[in-house]
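K.L.:
sequence and predicted model, in that order:
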Amino acid sequence: MSRREPGGRALCRAARVVPWAHDPRPRAAPVKARLSGHRLMLVAAAVVAAVLLAAAVLGVPTPARAHVLLALGVAPLIFCAMIYFTPVLTRGEAPGIGIVWIPLAALIAGALAVLGMSGGVGIPAPWSAALALLATMALAYWMWTRARRALLAAHAGLQWYLLALGAFALGLLAILAAHRWPGAWAPLRALHLHLNLVGFVGLTAVGTLNVLLPTAGQYQDPTASGRLRRHWPWAAGGSALIAVGALGYPLLGAAGVAAWLYPLAVLVASTLRRPPLWRWHRSALGLAVALLGWSATLIAGAVHGFGGWSGEQVLWLAAFGFLLPLITGAVAVLLPVWMDPASTRCRAPAERIMSRHTGVRVVAFAGAAAAVVLSAHGVARAAAALGVAAFAAAAIAAAVLCLRSPRAR
């Protein structure tokens, strides 16, 4: 079919996109926009690494711990990750630098919430939650428009991202309602926390891992998209049941955990058939271990629902056994790409640096999670700090290598 025939232009456009469909990196759009996206992720990774290190080593006032970890640390990084991966999932061009205001607004909202909690205020200021809600709605709208403009159907992982943003928005609405009706503070706070941790963080993490694990393990997984399309009702429904169960219905919470464990079991079984993911010197090891940590966190949450564990223990188990392996593993896989997008200077040696002795930090995080189970919180913080320090040393070494590498002519 020639270009002048009806449909010829659309056919030519499709021909340019289809060969890219299995490439895990964003489409090679204008260089300026692509590099802006990588710089955005580098800055976000540095900020979150500093926040998590401070939280693990120094500690913060008890009422603000969850917000330091989730609102100030994890939420802005998740927003940046969604912005980074949306072009991959929609097979479109990388975003321009103008999108940076969304994760920046989330970071400011998290900082305001932490300041309010640290000052002894029981409920964060409503305008911090409103700012976070505005950023959430803006990001969801941007992702939805990108999906609508996509020439081909968007990857199923985008649906998980939109569901995660929906859970986050509901959690923010719950905290706004708590400010309006202080008498309902306790149940609305529980709803807010569970929607954020299980719905927002959990859906984002598992949706991303289905796509990122094959990239990190350097293998093809043609079943990932179908698996995400089949399993989202289990994960989303499980998140809703867990959130409602937190209002005083532990059986509903346990049912939600059982629903969540089904897609997790399928994904874990898929990783077990990929021995390279479980090697000591492989960055993907942290991602694989994070799946086990998320499963343990959900089970611990069910135990907490029946009065077996404190909520703080479950939160720190999620931090040390799930979030730290997940974040350090994902950054270890993607940092060489962010530092050398064109793969012309230092990507290969940086990948070797980031993957060397990955098992050390994974064992440190696993030890921290085990110490939480045993209520040895000082040991847990020390082990987590050791894991973060090992990761930071590798990241600094990789960054120095790339800075000293000559640019390609």
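P.N.:
Received the coordinates, thanks. Please read all numbers here as calculations on a predicted model, not as lab measurements.

K.L.:
how far does the helix or strand where residue 402 lies sit from the chain's center?
P.N.:
Secondary structure from DSSP states H and E places residue 402 in helix 377-404. Centroid displacement of helix 377-404 relative to its chain, using Cα atoms, centre = their mean, to the nearest Å, is 19 Å.

K.L.:
now do stretch 293-312
P.N.:
20 Å.

K.L.:
any idea of the mean pLDDT in that stretch?
P.N.:
Stretch 293-312 shows an average pLDDT of 90 in the prediction.

K.L.:
quick one: contacts of that stretch?
P.N.:
62, 65, 193, 198, 202, 205-206, 242, 245-246, 250, 253-254, 257, 260-261, 264, 268, 313-314, 317-318, 320-322, 325-326, 365, 369 (Cβ atoms under 8 Å, 6 or more residues apart in numbering). No exception for glycine: its C-beta is placed from N, CA and C like everyone else's.

K.L.:
which SS class is residue 220?
P.N.:
The local conformation at residue 220, judged by DSSP: H, G, I helix; E, B strand; the rest coil, is coil.

K.L.:
so what pLDDT did it get?
P.N.:
Reported pLDDT for residue 220: 86.

K.L.:
ok, now how distant is it from residue 213?
P.N.:
12 Å (Cβ to Cβ, to the nearest Å).

K.L.:
which of the contacts of stretch 293-312 are buried?
P.N.:
65, 193, 198, 202, 205-206, 242, 245-246, 253-254, 257, 260-261, 264, 313-314, 317-318, 320-322, 325-326, 365, 369 (16 or more other Cβ atoms under 10 Å).

K.L.:
quick one on the thing from earlier: so which of residue 220 and residue 213 has more stuff around it?
P.N.:
Using other Cβ atoms under 10 Å as the criterion, residue 220 and residue 213 rank with residue 213 on top: 23 against 9.

K.L.:
average pLDDT for the one helix or strand the more buried one maps to?
P.N.:
Residue 213 belongs to helix 203-217 when assigned by DSSP H and E. Average pLDDT, helix 203-217: 93.

K.L.:
and that helix, what does it pack against?
P.N.:
Contacts defined by 3 or more Cβ pairs under 8 Å, 6 or more residues apart in numbering; DSSP states H and E place helix 203-217 against helix 75-90, helix 157-180, helix 224-245, helix 250-272, helix 284-305, helix 324-339.

K.L.:
elements contacting the helix holding residue 402?
P.N.:
helix 31-57, helix 324-339, helix 347-355, helix 358-373.

K.L.:
give me the neighbour count for the nearest residue to residue 105 once chain neighbours are set aside.
P.N.:
Nearest residue to residue 105 in three dimensions, chain neighbours excluded: residue 135, at 4.0 Å (Cβ to Cβ, 6 or more residues apart in numbering). Number of residues near residue 135 (other Cβ under 10 Å) recorded here: 25.

K.L.:
you'd agree residue 135 is up against residue 110?
P.N.:
No. The pair residue 135 and residue 110 fails to qualify as a contact (Cβ atoms under 8 Å) at a distance of 10.2 Å.

K.L.:
quick revisit: mind listing what's buried along the helix holding residue 402?
P.N.:
Neighbour counts over helix 377-404 (16+ other Cβ under 10 Å) mark 380-388, 390-392, 394-395, 398-399, 401-402 as buried.

K.L.:
again, but for stretch 164-182
P.N.:
164-179.

K.L.:
quick one: contacts of stretch 131-146?
P.N.:
Contacts to stretch 131-146, defined as Cβ under 8 Å, 6+ apart, come from residues 71, 75, 79, 82-83, 86-87, 90, 92, 99, 102-103, 105-106, 108-110, 112-113, 154, 158, 161-162, 165-166, 168-169, 172-173, 176.

K.L.:
residue 74: neighbouring residues, count only.
P.N.:
Residue 74: 25 neighbours (other Cβ under 10 Å).
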